[in-house]
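In: Test case, fold it:
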Amino acid sequence: MSNYTDSMALEERIGQTLMVGFPGTTATREVLELIQRYHVGNVILFSRNVRDAEQVRTLTRHLQKAAREAGHVHPLLIAIDQENGIVQRLGEAATLFPGNMALGAIGSEEVASEVALATGRELKALGINMNLAPVVDVNNNAANPVIGVRSFGEDPQLVARLGSAMVKGYQDAGVISCLKHFPGHGDTAVDSHLALPLIAHSLERLEAVELAPFRGGIEAGAGSVMIAHVAFPALTHDDALPATLS
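Out: Numbers count the residues shown, from 1 in each chain. Here you go, the predicted structure:
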């Protein structure tokens with residue numbers, strides 16, 4: 001099967017690999033230039049881009065219109081971190097659903113899938129077609145400064161079950177899901193935005209714990225995976241190389 005980029009020039013292919021953000025609640029001249037002149041095919045929205053539901057709809061339509069008029073073969077991927085719970089970007093522009101740890105306490109695949117379906121439907125209505133969720137890190141380090149309640153819990157099989165259920169919910173809503181943070185950000189005591197955490201476990205341990213939920217989510221059909229700025233010497237044989245650069 002031929003790839004949809006096969007007929008593209010090199011500059012167009014490069015643009016399709018990039019995801020960009022921008023300030024403000026309207027499309028800036030700079031982001032429109034990136035889409036129209038440099039063929040950038042992916043945009044990420046943050047809280048800074050959100051005022052209310054109607055404004056977000058207007059913004060996403062403007063971005064897609066710019067891509068169509070520039071001759072993009074496919075619509076833009078417009079992504080957001082709407083994990084629910086403590087990490088969500090839409091504020092009052094969308095329903096605030098329970099986060100992963102609450103869903104983990106419930107333990108129901110059906111409930112997790114329904115939350116993802118409802119979240120996905122709201123995103124789709126706002127013109128957002130990719131959600132950077134679910135988090136499938138295993139919550140196995142109480143000192144972790146960035147995961148905690150963003151995880152379903154400390155049981156890898158529970159995380160795998162509920163993560164896979166959410167993937168299916170997003171799929172049913174027509175939204176691309178993203179498993180994160182590969183190969184696993186749960187067992188760190190360092191914020192990877194600020195320094196490089198190192199997870200020194202053996203490959204056997206990683207297979208049994210950290211990697212199990214990613215395996216499950218991929219088998220469920222997850223559309224993408226987000227890589228972590230974490231060093232895994234068992235995989236890279238290098239203490240200073242983050243997974244993002246491996």
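In: Using CSV, write out every CA atom in stretch 119-137.
Out: C-alpha atoms of stretch 119-137 as CSV (Å, rounded to 0.1, in the frame of the first residue of the first chain):
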residue,chain,number,x,y,z
THR,A,119,-14.7,13.2,25.7
GLY,A,120,-13.9,12.3,22.1
ARG,A,121,-17.4,13.4,20.9
GLU,A,122,-16.9,16.8,22.5
LEU,A,123,-13.4,17.2,21.0
LYS,A,124,-14.8,16.3,17.6
ALA,A,125,-17.5,18.9,17.9
LEU,A,126,-14.9,21.5,18.6
GLY,A,127,-12.9,20.5,15.5
ILE,A,128,-10.2,18.6,17.5
ASN,A,129,-9.4,15.2,16.0
MET,A,130,-6.5,14.0,18.1
ASN,A,131,-6.4,13.6,21.9
LEU,A,132,-3.0,13.2,23.6
ALA,A,133,-4.4,10.6,25.9
PRO,A,134,-4.7,8.1,27.6
VAL,A,135,-1.8,8.1,30.1
VAL,A,136,-0.8,4.5,30.5
ASP,A,137,2.1,5.0,32.9
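In: how many other residues sit next to the nearest residue to residue 11 once chain neighbours are set aside?
Out: In space, and not counting its chain neighbours, residue 11 is closest to residue 39: 6.2 Å by C-beta to C-beta, 6 or more residues apart in numbering. To be clear about C-beta, it is placed using only N, CA and C from the backbone, and glycine gets the same treatment. As a burial measure, the neighbour count of residue 39 was computed by other C-beta atoms under 10 Å and equals 21.
In: next one: the one 3 residues further on
Out: Around residue 42 sit 16 other residues, with neighbours defined as other C-beta under 10 Å.
In: I'd say it and residue 19 touch.
Out: Yes - under the criterion of C-beta atoms under 8 Å, residue 42 makes contact with residue 19 at 3.8 Å.
In: where do the helices sit along this protein?
Out: Ranges of helices in the chain, per DSSP state H, are 10-16, 29-36, 53-69, 100-106, 109-125, 156-173, 203-208, 212-219, 233-236.
In: So, low pLDDT: which residues of the chain?
Out: Low-confidence regions of the chain, defined by pLDDT under 70, span residues 1-5.
In: Tell me which residue lies nearest the centroid of it.
Out: With distances taken as C-alpha atoms, centre = their mean, the chain has residue 132 as the residue nearest its mean C-alpha position (1.8 Å).
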